[in-house]
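Q: Output the structure for:
(one chain, ligands or ions: 1)
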Amino acid sequence: MLKAPIGLLGGTFDPIHIGHLRPAIDARDALGLAEIRLIPNHIPPHKANPFCSSEQRLAMVRLAAAENPGFVVDERELKRDKPSYTIDTLMALRKELPDTPLCFLMGMDSLLTLPSWHRWQALLDYAHLVVSVRPGWQPDYPTEVADLLAHHHTTDASALHRRLAGHIWLADNLPIALSATRLRELLAAGQDPRYLLPASVADYIRQQGLYQAD
Ligand code: ATP
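A: Predicted structure coming up:
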């Protein structure tokens, strides 16, 4: 007997915002996910524009999780001193949770570029993919993604409870036209970010003086 599926959402979360949180809540409710695990990723120190530190991104993700029942933070990628591939994280989680279907959540932008991910075809051996609508990215699939969908797409939410991995589910979430990039621009311009991210995260950004214009 399998356990209830859980959702996994990896991201830079620089900062975490409603474009991450609302689609995750919609997926949780549509699919009956038992938990949403937020997995902040490691950003290499040499990457351009490290806007805030790993500790600050983690603090913001923790604040967001604290006000959402069923949301937890998984620090494994941040704790490594080099970037983790998603496939490695999924393989580790599969070992830890042998009876739990894993639903890896991503926006449409990520699905469109999936063929550039390390060992992308193996991802579905370890998890289902749950893809959220994201304004600005239409489902104009490159051939490799169209082929993947032809083999793995399902519209049956219960199928994600009956297997550990292997399905792709296209969500019908409320589209949220927000990116962290846009939010950083807005903050740098001194605009009020209210309702675009959790109030506790907005307070933290203010206290720490993050994302200010130079
Ligand atoms: P940036 O603007 O800094 O590139 P981002 O807002 O796209 O950041 P990420 O942390 O890179 O955020 O995204 C993590 C995951 O969340 C990705 O799978 C991405 O597709 C998804 N995501 C981010 N924003 C949205 C949104 N508005 N709607 C749906 N999915 C989203």
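
Q: host element of the residue nearest to Glu75 when sequence neighbours are not counted?
A: The shortest distance from Glu75 to any non-neighbouring residue, by Cβ to Cβ, 6 or more residues apart in numbering, is to Leu58 (6.6 Å). (Each C-beta comes from the backbone N, C-alpha and C, glycine too.) Secondary structure from DSSP states H and E places Leu58 in helix 54-66.

Q: Please see if that helix touches the ligand.
A: No: on the criterion Cβ under 6 Å from any ligand atom, helix 54-66 is out of touch with the ligand, staying 9.2 Å away.

Q: now swap in stretch 127-142 and tell me
A: Yes: contact of stretch 127-142 with the ligand (Cβ under 6 Å from any ligand atom) involves Ser132, Arg134.

Q: Mind listing what's buried along the helix or strand bottoming out on mean pLDDT in the chain?
A: Every helix and strand of the chain was ranked by mean pLDDT, DSSP states H and E. The lowest is helix 76-79, at a mean of 93. Under the neighbour-count criterion of 16 or more other Cβ atoms under 10 Å, helix 76-79 has Arg76, Glu77, Leu78 buried.

Q: and if you look at stretch 128-144?
A: Those would be His128, Leu129, Val130, Val131, Ser132, Val133, Arg134, Trp137, Tyr141, for stretch 128-144 by 16+ other Cβ under 10 Å.

Q: Thought Arg28 was touching the fifth one, still the case?
A: No: using Cβ atoms under 8 Å, Ser132 and Arg28 do not qualify as a contacting pair, with a distance of 11.7 Å.

Q: which neighbours do the two share?
A: Residues touching both Ser132 and Arg28 (Cβ atoms under 8 Å, 6 or more residues apart in numbering): none.

Q: Work out for me the element Val131 sits within.
A: Taking DSSP H and E as the criterion, Val131 maps to strand 128-132.

Q: Does anything pack onto that strand? Which helices or strands?
A: Strand 128-132 sits against helix 18-31, strand 102-107, helix 108-112, strand 168-170, with contacts defined as 3 or more Cβ pairs under 8 Å, 6 or more residues apart in numbering; DSSP states H and E.

Q: That one pairs with which strands, parallel or anti?
A: Using DSSP bridges, the strands paired with strand 128-132 in its sheet are strand 102-107 (parallel), strand 168-170 (parallel).

Q: burial of the residue nearest to Glu75, as a residue count?
A: Using other Cβ atoms under 10 Å, the number of residues around Leu58 comes to 17.

Q: Show the model's pLDDT score for it.
A: For Leu58, the model assigns a pLDDT of 97.

Q: For it, which residues are in contact?
A: Pro40, Val73, Glu75, Leu78.

Q: ranges for the helices of the protein?
A: Assigned by DSSP state H, the helices in the chain fall at 18-31, 54-66, 76-79, 86-96, 108-112, 123-126, 143-152, 159-162, 180-188, 199-208.
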